[in-house]
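Q: here is my input, please return the structure:
(one chain, ligands or ions: 7)
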Amino acid sequence: MSRGGVDVIVEDLKNHPHCSHGPTILFSREVKGARRNYFACSTCRGRKQCNFFLWEDEKSKLTSSKAKVWEQEKTRHLKNINHRKKFVVLNDVLNLPPGKRKYCEDCSEFVLEKHKTKHEGHNVIKCLTDYQLNHPSEILSPAEDSKKEAQYLFSKSSTQTIVNIFIDRGYRNIICVGTPRIHEYIRSNCEDMRSILLDIDSRFHNFFGPLEYIWYNSFNHHFFFSEGKTVFYDFLKMTKGVNTALITDPPFGGRVEPLAFTLTTINSEYKNINNVQNDLPIFWVFPYFMEPQILNSLPEFKMLDYKVLYENHSSFHNGPKGRKQGSPVRIFTNVDSRLIKLPEDEYKFCTKCKKWISKENRHCDWCNDCTSKDGRTYVHCKLCKKCVKPTYKHCMECKRCTQVDHKCFTLEFSKRCFNCNEKGHKKEQCLQVKRKALISNKKKKKRKA
Ligand SMILES: C[S@@+](CC[C@H](N)C(=O)[O-])C[C@H]1O[C@@H](n2cnc3c(N)ncnc32)[C@H](O)[C@@H]1O
Ligand SMILES: [Zn+2]
Ligand SMILES: [Zn+2]
Ligand SMILES: [Zn+2]
Ligand SMILES: [Zn+2]
Ligand SMILES: [Zn+2]
Ligand SMILES: [Zn+2]
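A: Ligands and ions are numbered 1, 2, ... in the order given. Sure thing, here's the model as predicted:
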C-alpha cells in the first residue's frame, strides 16, 4: 500500500541487507516517472536514527568497505549488553535497601558503588522502591521520539481492562510486543499468568531477566540476540497452543504491512510448533482511522469499541484536555468480538449484535450493526445506504454524504488522501499530517516550558 508515494514490498526478509535494527525492508517509490526499489530501516523513519539506504539495483555493487561500516554499526549497537550480567546486577540491587538503589538514565544502567564516580553529574534516579524496579515504565523517561520508539503508556484503567479481558477469556500466557505496562501488571498481579515482553527499548535489559524480556524488532521479526529467539520459541512451545494471546501497541506512525506480516508469521509459528489449528488470539492497539489499512493486511480482524487511554498523551486520556469524543485508539483483534466483555460502567451490551459497545454507539437496523467508529453517534443515510458521521449531510451533486462545506465534484479525488495519495482516508485523517502536527505541538510546548 502506498504512503507518500512509497510502497512497502512485503516479502521474506532473509536476503535483505541488515542495518543495526536487523534486516531492512524493501520499499518502492516513483523516481522520474518510473518505480525504483530501495532497502531502508524497518523501524526508524528518520535519517537521523538510522541512515541505511541502498537501491535494490545497486545491491550487487555494494562495496566491501560500506558493508563493513554497517557491520561495525551493528556490532556497536549490540555492544555493552550482556543480559545475564545485567540480571545478576538487578538481583544485587534488589538486595540493597531502597535508599542505596540508583539508576543512571544517561548510561542506562544501575549505579554500582564501585563505579560511582563514572556517573558524577549524570541524571541519576535515586531511592528506587521494589515497586519501581518492577515497573520500570513508570520511572524511565518515555522515549518519545515519534520517529522511532514513540512510547505512549497505557493509563492504569486501560492496563487493567486489557488484562481483565485476558483473564475473562482464560488466557494464561501473554506475549507482550511493545506493551511493557501489560507485562509489568501481569507479573506483579496475576500469579497464574505468564508474560514475556518483546520490545526494541533495550533499557528493559536492566529490569527484567532473560526469560522475561527479549530485545526484539517487531517490524522485521528480528531478535537482536539468538538467546532471545530461543527463549521466545521455548515460550511458544510451553503454551502447548492453548490459553495464549499476543498484545501489541506499535508506534502510530509505524507501517502496517510489515507488522501485519510479523503477526501472521508468529501465528503460523505458534500453530506449527504446537501442531494446532486454532489461531493465536492477537490484540493490536491502533487508532480507529487506521481500520482500512489494518483490514487490508488482516481482513479477519475486527475493531472493538473500547477506547484505549494513555497516561502521557493529552488527547488520548479522559478529562478536560481530552478529545470530546474520547480517545481515538481502539483494539483490533482476530477474536470474535462477541466474546469480549467491556467494562460495564462505561460500555453497554447490544442485544442485536450480541457484543459490547460504547454508550454513544447505536444499533442501526438498516445496517444491522452498531455503526459508530470515532466515538460519536452515527446517523443512517438512506441514499448512501449506510451510517455516516453525525455532522455529514447528503450532497445531491456528489451523490454521497460528506462535510457541509465541501467543494462539489472534488470528492472523486478525495477518495484518495490529498497528502499521501493513499486510499482509505482523507487528508485530515492522514497519519503523516497528524504526526507533523504532533511534533510541532510538542516543539511549541517545549519552547513554552
Ligand atoms: C506506543 S508504545 C506502547 C506502550 C504501551 N502503551 C504500554 O503502556 O505498555 C510503543 C512500544 O513499542 C516499542 N517499540 C517501538 N518500536 C518497536 C519495534 N520496532 N519493535 C518492538 N518494539 C517497538 C516501544 O519501545 C514502546 O515500548
Ligand atoms: Zn536501522
Ligand atoms: Zn551514568
Ligand atoms: Zn448492534
Ligand atoms: Zn445504518
Ligand atoms: Zn448520504
Ligand atoms: Zn457536493
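
Q: burial measure for the nearest residue to His83 once chain neighbours are set aside, as a count.
A: Excluding the flanking residues, the one nearest His83 by C-beta to C-beta, 6 or more residues apart in numbering is Pro210, at 4.8 Å. Just so you know, the C-beta spots here come from the backbone N, C-alpha and C atoms, and that holds for glycine as well. Residues lying near Pro210 (other C-beta atoms under 10 Å) number 16.

Q: how much space between Pro210 and ligand 5?
A: As judged by C-beta to the ion, to the nearest Å, Pro210 and ligand 5 stand 52 Å apart.

Q: thought Arg255 was touching Ser297, still the case?
A: No: counting by C-beta atoms under 8 Å, Ser297 stays clear of Arg255, with 9.9 Å between them.

Q: looking at those two, which is more packed in?
A: Counted by other C-beta under 10 Å, Ser297 and Arg255 do not tie: Arg255 has more neighbours, with 23 against 18.

Q: where's that one relative to ligand 7, distance?
A: 33 Å.

Q: who's Lys302 bridged to?
A: Taking DSSP bridges as the rule, Lys302 bridges to Thr333.

Q: pLDDT score for it?
A: The model reports Lys302 with a pLDDT of 97.

Q: check contacts around it.
A: Taking C-beta atoms under 8 Å, 6 or more residues apart in numbering as the contact definition, Lys302 lies against Phe332, Thr333, Asn334, Ser337.

Q: check Asp234 too.
A: Asp234 touches nothing, counting by C-beta under 8 Å, 6+ apart.

Q: Gly46: neighbouring residues, count only.
A: Neighbour tally, Gly46, other C-beta under 10 Å: 12.

Q: Gly178 now?
A: Residues lying near Gly178 (other C-beta under 10 Å) number 25.

Q: phi first, then psi, for Asp345.
A: phi -70, psi -30 (degrees, to the nearest 10).

Q: mind checking how far it is from Phe219?
A: According to C-beta to C-beta, to the nearest Å, Asp345 stands 37 Å off from Phe219.

Q: who has more neighbours out of these two?
A: Phe219 (25 against 6).

Q: contacting residues for that one?
A: Applying C-beta under 8 Å, 6+ apart to Phe219 gives the contacts His21, Ile25, Ser42, Thr43, Pro250, Gly254, Arg255, Pro258, Leu259, Thr262.

Q: among these, which lie within helices?
A: Assigned to helices by DSSP state H, the following of these qualify: Pro258, Leu259, Thr262.

Q: against ligand 4, how distant is the residue in the chain that ligand 1 sits nearest to?
A: At 2.5 Å from ligand 1, Gly178 is the closest residue in the chain, using C-beta to the nearest ligand atom. Noted for Gly178: a distance of 32 Å to ligand 4, by C-beta to the ion.

Q: what's the closest non-adjacent residue to Cys19?
A: Nearest to Cys19 is Phe52, by C-beta to C-beta, 6+ apart, at 3.7 Å.

Q: quick check: the gap between that neighbour and Leu13.
A: For Phe52, the distance to Leu13 - C-beta to C-beta - is 13 Å.

Q: neighbour count winner among those two?
A: Per other C-beta under 10 Å, whichever of Phe52 and Leu13 has more neighbours is Leu13, with 22 against 19.

Q: my read is that the more buried one contacts Ile25, right?
A: Yes: between Leu13 and Ile25 there is a contact under C-beta under 8 Å: 7.0 Å.

Q: related to what we said a few turns ago, and which of the ones in helices among the contacts of Phe219 is nearest to Ser158?
A: Of all the ones in helices among the contacts of Phe219, Leu259 has the smallest distance to Ser158: 20.4 Å, by C-beta to C-beta.

Q: who in this structure is up against ligand 1?
A: Counting by C-beta under 6 Å from any ligand atom, the residues of the chain close to ligand 1 are 43, 149-154, 178-182, 199-201, 216-219, 249-251.

Q: quick one, what contacts the residue of the stretch 101-250 of the chain found nearest ligand 5?
A: At 27.4 Å from ligand 5, Ile165 is the closest residue in the stretch 101-250 of the chain, using C-beta to the ion. Counting by C-beta under 8 Å, 6+ apart, Ile165 touches Phe283, Ile340, Lys341.
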